[in-house]
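Asker: What shape does this take:
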Amino acid sequence: MPYPIIDALTGSNIMVNGQLTAVTTAEAEPFFKPTDERMFYEVIRVVEQVPLFLETHLDRLERSLAGTVPLP
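Answerer: The predicted structure follows:
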């Protein structure tokens, strides 16, 4: 099953457990090998190390996940 959003990254970093991580690291590798047919993601624009509209994005992600997986 293709995952085009992951296969076509525009940047070279992702957030892993709150840390900016290069996509080439072992910590990032699991995100490129989904283990489930369900996949949820949210894209957040970052300008000068400041995530734009972070709360809005997190609220939307929470609504998308509602009832599908337990949230922390």
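Asker: tally of neighbours for the closest residue to residue 58 other than its chain neighbours?
Answerer: Closest residue in space to residue 58, ignoring its immediate chain neighbours: residue 42 at 7.4 Å, by C-beta to C-beta, 6 or more residues apart in numbering. Heads up, the C-betas are built off the backbone N, CA and C, glycines and all. Using other C-beta atoms under 10 Å, residue 42 has 14 other residues around it.
Asker: Compute the distance between residue 42 and residue 26, please.
Answerer: 23 Å (C-beta to C-beta, to the nearest Å).
Asker: before we move on, what SS does the residue nearest to residue 58 have?
Answerer: At residue 42, secondary structure determined by DSSP: H, G, I helix; E, B strand; the rest coil is coil.
Asker: Wait, it touches residue 62, no?
Answerer: No. Residue 42 lies out of contact with residue 62 (C-beta atoms under 8 Å); the separation is 9.6 Å.
Asker: since we're on residue 27, how many residues are nearby?
Answerer: 13.
Asker: mean confidence score for the longest helix along the chain?
Answerer: When the chain is parsed with DSSP state H, its longest helix is helix 54-65. For helix 54-65, mean pLDDT is 86.
Asker: repeat for stretch 31-39
Answerer: Throughout stretch 31-39, pLDDT has a mean value of 72.
Asker: how much distance is there from it to the middle of the chain?
Answerer: 11 Å (C-alpha atoms, centre = their mean, to the nearest Å).
Asker: If we go by neighbour counts, what in that stretch is buried?
Answerer: Within stretch 31-39, the residues that count as buried by 16 or more other C-beta atoms under 10 Å are residue 31.
Asker: mind checking the end-to-end distance for that stretch?
Answerer: End-to-end distance for stretch 31-39: 10 Å, by C-alpha to C-alpha, to the nearest Å.
Asker: so who does residue 40 touch?
Answerer: Counting by C-beta atoms under 8 Å, 6 or more residues apart in numbering, residue 40 touches 61, 64, 65, 68, 69.
Asker: same thing with residue 45?
Answerer: If you count contacts by C-beta under 8 Å, 6+ apart, residue 45 has them with 51, 52, 53.
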